[in-house]
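Student: predicted model, plus sequence, below.
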Amino acid sequence: MEKLVVKGFSAAGVAAGLKEKGKKDLGLVFSQVPANVAGVFTRNRVKAAPVLLDRERIKSGVCQAVIVNSGNANCCTGDQGMQDARTMARLAASELGISEDLVLVASTGVIGEPLPIKKIETAVPDLVRSLKPEGISGLARAIMTTDTVPKKVSREGHLEGKTFTVTGVAKGAGMIRPDMATMLCFVCTDVEAESEVLKETLVKAADRSFNRITIDGDTSTNDTVLVMANGLSGAAIQSPAHKNMFQKVLDEIFLDLAKQLVRDGEGATKLVEVIVRGAESDTDARKIADAIAHSPLVKTAFFGEDANWGRILAAAGRADAAVDPDKIDVYFDDVQMVKAGMGCGKTIEAEATKVLKKSEFTLAVDLNMGHESYSMYTCDFSVDYVKVNADYRS
């Protein structure tokens, strides 16, 4: 079983009544001492109240707790929404005995509905009483919306003979595309790191993971990724080599969580890595990977287990990037479906179809025009995706 406990951190998740059937919907993560913090937030111009509040508070570079609810986004709720976000922080701070400025807030769920702040107020005392070092699993469940499973991962690192731990949880199964951030994600570590170092490594790790995934091409109003470091392990980032070591661990955490998000995408049955190589520029590789990974026609073909390579070439051709259709090769795992822009025949197509029947596989597009490459993770579009989102509010 994976070690999730991080020295000096505790977490919890309880049912406050924001979601039906007694499901956990209110979570908290708390550090025994103030922790350095860094974050990235949605670029959507419509931002939820908790995002607006956090963007101001995080400028201090320090926080000690994060309180988060699911079932309600507290977005497009006007002045009352901002007041409710501050109230959430105040309630947690009061019960924890810390300054309100040291509490960050996050919400996820239906947009445009007033936050049931009274239910949260009633539940906060029990939430704080429920805090425990191994409580990260409860937090992971409390932040779920249409997710079918909680997402959590933990890794250890070593600096100068001292061991530090990094543990993260995330939620997200819809409104996911690479436009930082793409969901809620909270990461705790007992390494000692300045907030500037945390921000630098966080941005790089996010660009290599959360900014390379897509489920449906939409971006939420509430996307928040936070990393807190309290330094209680005794391991400290004091040199470029130390920072590189921490970066490696954070990259692994983020990529693992990112793949968990896509694997659990709304209605998804397949996790597909789209690799574009042989591009003239990094920008071209990114544009083409993005076009293929977001294409509804490509994604529905994945669901139908149809090796419809024409849709892939068509997506590449509309990506506003340098493409020579007579040079393109396409592979499903190690089965070459297209050579120099032409199909390799029905026998090969049958082999490619076998690959598409797998729950995880790779689609590689080689442009044979240069040396740049880029990859993204996507999923299929299924009938269930439409069903989930057709009656989300009901």
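Tutor: Good, I have the coordinates. Residues are numbered from 1 along each chain as shown.

Student: show me the strands in this protein, by range?
Tutor: 9-14, 26-41, 62-72, 103-110, 151-159, 162-171, 184-189, 224-229, 271-279, 329-332, 335-339, 342-343, 360-366, 372-379 (DSSP state E).

Student: against Phe361, how distant is Gly310?
Tutor: To Phe361, Gly310 is 19 Å away according to CB to CB, to the nearest Å. Heads up, the C-betas are built off the backbone N, CA and C, glycines and all.

Student: give me the more crowded residue out of these two.
Tutor: Between Gly310 and Phe361, counting by other CB atoms under 10 Å, Phe361 is the more crowded of the two (18 against 12).

Student: quickly list what Val68 is bridged to.
Tutor: Gly27, Ala106 (DSSP bridges).

Student: re earlier: select, out of the strands of the chain, the one closest to Asp290.
Tutor: strand 372-379 (6.7 Å; CB to CB).

Student: how far is the closest one from where the chain is centred?
Tutor: Relative to its parent chain, strand 372-379 has a centroid offset of 16 Å by CA atoms, centre = their mean, to the nearest Å.

Student: which helices and strands sit right next to that strand?
Tutor: For strand 372-379, the helices and strands in contact under the criterion 3 or more CB pairs under 8 Å, 6 or more residues apart in numbering; DSSP states H and E are helix 240-263, strand 271-279, helix 282-294, helix 296-303.

Student: show me what the third one is packed against.
Tutor: I take that to be helix 282-294. By 3+ CB pairs under 8 Å, 6+ apart, helix 282-294 packs against strand 271-279, helix 309-317, strand 360-366, strand 372-379.

Student: need these in JSON lines with mean pLDDT, can you?
Tutor: JSON lines is the format used below for the helices and strands packed on helix 282-294 (pLDDT from 0 to 100):
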{"stretch": "strand 271-279", "mean pLDDT": "97"}
{"stretch": "helix 309-317", "mean pLDDT": "97"}
{"stretch": "strand 360-366", "mean pLDDT": "98"}
{"stretch": "strand 372-379", "mean pLDDT": "96"}
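
Student: make TSV from those and add distance to Gly97 to it.
Tutor: What follows is the helices and strands packed on helix 282-294, written out as TSV (distance: least, CB to CB, whole Å):
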stretch	distance to Gly97
strand 271-279	44
helix 309-317	55
strand 360-366	47
strand 372-379	42
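
Student: which one of those lies nearest to Gly17?
Tutor: The nearest among the helices and strands packed on helix 282-294, by CB to CB, is strand 372-379 at 32.0 Å.

Student: just to revisit the earlier point, closest to Asp256 out of the strands of the chain?
Tutor: strand 151-159 (4.5 Å).

Student: circling back: reformat the strands of the chain as a markdown table; add distance to Lys248.
Tutor: Putting the strands of the chain into a markdown table (distance: least, CB to CB, whole Å) gives the following:
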| stretch | distance to Lys248 |
| --- | --- |
| strand 9-14 | 21 |
| strand 26-41 | 17 |
| strand 62-72 | 25 |
| strand 103-110 | 26 |
| strand 151-159 | 8 |
| strand 162-171 | 10 |
| strand 184-189 | 13 |
| strand 224-229 | 15 |
| strand 271-279 | 20 |
| strand 329-332 | 29 |
| strand 335-339 | 32 |
| strand 342-343 | 41 |
| strand 360-366 | 23 |
| strand 372-379 | 18 |
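
Student: out of those strands, which gets nearest to Leu297?
Tutor: strand 372-379 (12.6 Å).

Student: which residues are in contact with Lys24?
Tutor: 13-15, 138, 141-142, 144 (CB atoms under 8 Å, 6 or more residues apart in numbering).

Student: quick check: it vs Val14, distance?
Tutor: 6 Å.

Student: same check on Tyr377?
Tutor: Relative to Val14, and taking CB to CB, Tyr377 is found at 32 Å.

Student: which of those two has more residues huddled nearby?
Tutor: Per other CB under 10 Å, whichever of Tyr377 and Val14 has more neighbours is Tyr377, with 23 against 20.

Student: quick check, the more buried one in contact with Gln260.
Tutor: No - assessed by CB atoms under 8 Å, Tyr377 is found out of contact with Gln260, at 10.4 Å.

Student: coming back round to it: anything in contact with each of Lys24 and Val14?
Tutor: Looking at what touches both Lys24 and Val14 (by CB under 8 Å, 6+ apart), the common residues are 138, 142.

Student: who does Val335 bridge with?
Tutor: Where Val335 sits in a bridge, its partners, by DSSP bridges, are Phe332.

Student: which residues are in contact with it?
Tutor: 348, 351-352, 354-355.

Student: turn these into TSV, including neighbour count.
Tutor: TSV is the format used below for the contacts of Val335 (neighbours: other CB atoms under 10 Å):
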residue	neighbour count
Ile348	17
Glu351	16
Ala352	24
Lys354	14
Val355	18
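
Student: Ser220: which of these is nearest?
Tutor: Val355 (32.0 Å).

Student: I'd like to know how many residues surround the nearest residue to the closest one once chain neighbours are set aside.
Tutor: The spatial neighbour of Val355 that comes closest, neighbours along the chain excluded (CB to CB, 6 or more residues apart in numbering), is Phe332 at 4.1 Å. Using other CB under 10 Å, Phe332 is surrounded by 25 other residues.
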